[in-house]
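> quick one: sequence and predicted model below, then my questions.
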Amino acid sequence: MYKKNGSIIFILSLLTSLVNAQTVVDYYAWNPPNPACDVLAAAVNISGIQHQSQIGQTYYSTSARSLSMDCRYVSSSSYLGMKYRLAYNFKQGYSYEIKVNANVNVHANGVDQDPRLRLDLSNNSGGGAGTVCNGPQSVNPSFAGNPAAQKIDDVTLRNYTFSFGTLGINSSTLEISCIPYAGAGTKTVGISRITITEIPPPVSFAIASSHTSIPCGSSTPVTFTVNNGGSGTPTGYTWNLGPTPNGWLYNGTAAPATIPTLATQNTIQLTPVCGSTLSNVSATVTANGVNYTTNSSAVTVTLPDLSINGSDALCSGSSPYFINNLPCNAAVSWQATPSGIVTFGSPNDPQTSISPSGTGQVSITATITNVCGETVVKTKNIAVGIPSMSDGTFTKNGQLYPLAIFNSTNTLCQNVQSVVTGTWQSATSVVWSGPGYSHPSVWQDYGFNNTTKISTMQLHIYQTPGTGYWTVTGSNGCGSTSYTVAFDAAVCSGDPCTYYRVSPNPSKDGDIVIISKPAPIECPPIDPLITRVNIYDQNGTLIKTKLNGKTNNTSLQMPTTKKGFMIVEIVSGKHTEKHKIIVQ
């Protein structure tokens, strides 16, 4: 099955055979009077086939009434024989069986000295040199060929069969050679008759697809084609569509059960009747006086591939929207969610116009009924107007805050990663860029989710004071909108950029161990070697200090006379961090 010019095309086929054609060259019936010593020296027509000698003299035996050829072995370098040709149109793609009714004048039992007969197809024409009454001449001594040479080993006439498989090219000549066997004396081969059986390739009306699928409600014409891949010559076609009504239109009217077409018309174009059950299609081909019936192309109806056709962005004015592959009897109703952003020109027609009445993202829904007896719902998202960011947030110390834009500044915690998001209306892509000046920070645009319409940026500012300016831009098919967002950093409690772990916590006997640990990737690097540890009570009074020999871990005993929490201060170079420890 394939499509051409919007029509669906199916190819039907069937395999069968034709009657083989035969041509008989009868030298016995020819019996020329007073034959010359080289009877084929000049071109001669025998049984309607032109003959001519090519090597040596081919003569006619009036007593045996056969065409005769002599051959003789002289030495390993001298094989003498005869060859003649006959003109025949051997066709490419055909195969041939050639029977030569022949004998040899002398046969010796137990010793192989019999001559060989070799048949070759060629496109050589005309006669050869030295063919006038000089007896046998030098010949190609090869017994090889396709088919190979055959030994003529019977003094009584009998048939020797040569089979030529399917020909790759056309040939115009059959060459017949008499070749001596090594060591043999003169032998004579007599040929009484040659029968050429022409075997054509099979008649082929092959069916390309035994199953034909047509979308329900389709009114696209379907072209069925009978492809003759063989040698049959059709004289007419009869298309079988089944009892009426069969669900097809032919030339605009209800199709009958059978439709005859001429030999030159191997195709038929049928149009499905909307909502009808379609019958299978076959054809009866008349070729060479024989009727051949193809197998049926089984027709089934399938659900069409439905979709909403229209622009993804609605900027201004109205745009048309319709359903692709809509069945002929189907009905459509249109809706939009959320409401108030667009209006429909014809909300209950298969094709409608949509106009903007607001801005934002809207989902268009088409409810399609009577689709092969089913209801199908299709949706399409449309960006209406240029994008706008309707809401934005950022995190500060684990809390969520509204995002201020343009003339306001958002304050973050120094050394604390913040997640910044924006919710957009009608955007199809969003990008962040910045900062507006060199500000010690790590930030990354984590992209835009086109389903949730949320853009995400992660930001980590290392030092204060200073304000950085970032720009977020949303775009769609109607244009783009940019917002400037300012961020400043402040020192906040609960800094997550910690580089040490203190355990156990709580501590029952006052023993604690301090071990360095990897900090979050957004935190600035430090020298992890501990130089000093201070212990403070809950009032902030220093109660113990331990100097450390610059190692990345240490242990110490906290005072156990005081219960409650204590502050462990770890000093490493210029870095200081504090941990609250419960003493039980």
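Ah, there it is.

> just give the number of residues close to the closest residue to K517 other than its chain neighbours.
In space, and not counting its chain neighbours, K517 is closest to R501: 4.8 Å by CB to CB, 6 or more residues apart in numbering. No exception for glycine: its C-beta is placed from N, CA and C like everyone else's. By other CB atoms under 10 Å, the residues close to R501 number 13.

> am I right that R501 sits in a strand?
Yes: under the criterion used here (DSSP: H, G, I helix; E, B strand; the rest coil), R501 sits inside a strand.

> could you list the low-pLDDT ranges of the stretch 401-550 of the chain?
The model of the stretch 401-550 of the chain has pLDDT under 70 over residues 407, 415, 436-441, 462-466, 491-497, 519-524.

> how far does the host helix or strand of T238 sit from its chain's centre?
Using DSSP states H and E, the secondary-structure element containing T238 is strand 234-240. The chain centre lies 36 Å from the centre of strand 234-240; the measure is CA atoms, centre = their mean, to the nearest Å.

> before we move on, back to that, what pairs with the residue nearest to K517 across the strands?
Judged by DSSP bridges, the bridge partners of R501 are I515.

> can you check T188 too?
Where T188 sits in a bridge, its partners, by DSSP bridges, are D70.

> what's the mean pLDDT across the strand holding T238?
Mean pLDDT, strand 234-240: 89.

> quick one: list the elements packing against that strand.
Packed against strand 234-240, as judged by 3 or more CB pairs under 8 Å, 6 or more residues apart in numbering; DSSP states H and E, are the following elements: strand 222-226, strand 258-262, strand 282-287.

> with mean pLDDT, mean neighbour count and distance to T197 added, can I get the ones you listed in JSON lines?
JSON lines is the format used below for the helices and strands packed on strand 234-240 (pLDDT from 0 to 100; neighbours: other CB atoms under 10 Å; distance: least, CB to CB, whole Å):
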{"stretch": "strand 222-226", "mean pLDDT": "86", "mean neighbour count": "21", "distance to T197": "29"}
{"stretch": "strand 258-262", "mean pLDDT": "93", "mean neighbour count": "13", "distance to T197": "32"}
{"stretch": "strand 282-287", "mean pLDDT": "85", "mean neighbour count": "22", "distance to T197": "20"}
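
> could you dump the ones you listed to CSV with distance to T244?
Compiled in CSV, the helices and strands packed on strand 234-240 are given as follows (distance: least, CB to CB, whole Å):
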stretch, distance to T244
strand 222-226, 18
strand 258-262, 10
strand 282-287, 16
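
> compare these and give me the one nearest T337.
Counting by CB to CB, T337 lies closest to strand 222-226 out of the helices and strands packed on strand 234-240; the figure is 39.2 Å.

> quick one, the closest one and strand 234-240 angle?
In this structure, strand 222-226 runs at an angle of 140 degrees to strand 234-240, with axes from the mean of the first three to the mean of the last three CA atoms, to 10 degrees as the basis.

> which stretches of the stretch 1-150 of the chain aren't confidently modelled?
Filtered on pLDDT under 70, the stretch 1-150 of the chain yields the residue ranges 1-19, 128-132.

> likewise the stretch 201-350 of the chain?
Looking at the stretch 201-350 of the chain by pLDDT under 70, you get 206-210, 229-232.

> quick one: which helix or strand includes the nearest residue to N123 once chain neighbours are set aside?
Sequence neighbours aside, S172 is the residue nearest to N123 in space, at 5.1 Å (criterion: CB to CB, 6+ apart). S172 is located in strand 171-179, with elements delineated by DSSP H and E.

> pull the distance from that strand to the chain's centre.
Its chain's average C-alpha position is 50 Å from that of strand 171-179, according to CA atoms, centre = their mean.

> follow-up on the earlier one: after the strand holding T238 comes which helix or strand?
strand 248-250.

> which other helices and strands does that next one contact?
Based on contacts counted as 3+ CB pairs under 8 Å, 6+ apart, the elements that strand 248-250 packs against are strand 267-272.

> now the angle from the strand it packs on to strand 222-226?
For strand 267-272 against strand 222-226, the angle by the same axes, to 10 degrees is 150 degrees.

> name every strand pairing with strand 267-272 and say which way it goes.
Sheet pairing here is set by DSSP bridges, and for strand 267-272 it gives strand 222-226 (antiparallel), strand 248-250 (antiparallel).

> the longest one vs strand 282-287, what angle?
So the one you mean is strand 222-226. Angle between the axes of strand 222-226 and strand 282-287 is 30 degrees (criterion: the same axes, to 10 degrees).

> let me have strand 222-226 in CSV, keeping just the CA atoms, if that works.
The C-alpha coordinates for strand 222-226 follow below in CSV (Å, rounded to 0.1, in the frame of the first residue of the first chain):
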residue,chain,number,x,y,z
VAL,A,222,-8.6,4.6,-2.9
THR,A,223,-6.7,3.3,-6.0
PHE,A,224,-6.4,-0.5,-6.4
THR,A,225,-3.8,-1.6,-8.9
VAL,A,226,-3.2,-5.0,-10.5
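
> next, Y28: secondary structure please.
Going by three-state DSSP, the state assigned to Y28 is helix.

> looks like it contacts S66 (just checking).
Yes: when contacts are counted by CB atoms under 8 Å, Y28 is listed as touching S66 (6.7 Å).

> which residues do those two both contact?
Counting by CB atoms under 8 Å, 6 or more residues apart in numbering, the contacts common to Y28 and S66 are S192.

> among those two, which residue is more densely surrounded?
With neighbours defined as other CB under 10 Å, Y28 and S66 compare such that S66 has more, 23 against 14.

> quickly note the distance from the more buried one to N105.
For S66, the distance to N105 equals 11 Å [CB to CB, to the nearest Å].

> spit out the residues that contact these two alike.
Overlap of the contact sets of S66 and N105 (by CB under 8 Å, 6+ apart) consists of G190.

> quick one, domains of the chain?
With domains defined by automatic domain parsing, the chain comprises 2-16+203-299, 21-199, 307-384, 388-490, 500-583.

> before we move on, back to that, is it possible to export the strands paired with strand 267-272 to a markdown table including distance to W470?
As requested, the strands paired with strand 267-272 are arranged in a markdown table below (distance: least, CB to CB, whole Å):
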| stretch | distance to W470 |
| --- | --- |
| strand 222-226 | 60 |
| strand 248-250 | 66 |
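
> which of the ones you listed sits closest to I535?
For I535, the closest of the strands paired with strand 267-272 is strand 222-226, at 91.6 Å, according to CB to CB.

> just the angle between that closest one and strand 258-262, please?
Using the same axes, to 10 degrees, the direction of strand 222-226 lies 60 degrees away from that of strand 258-262.

> show me which residues of stretch 501-509 are buried.
Within stretch 501-509, the residues that qualify as buried are 502, 507, counting by 16 or more other CB atoms under 10 Å.

> now do the same end-to-end measure for that stretch.
Using CA to CA, to the nearest Å, one end of stretch 501-509 lies 18 Å from the other.

> got it, and stretch 166-186?
Using CA to CA, the gap from the first to the last residue of stretch 166-186 comes to 36 Å.

> report the distance from that stretch to the chain centre.
Taking the mean C-alpha point of stretch 166-186 and that of its whole chain, the gap between them comes to 50 Å (CA atoms, centre = their mean).

> no further queries at this time; thank you.
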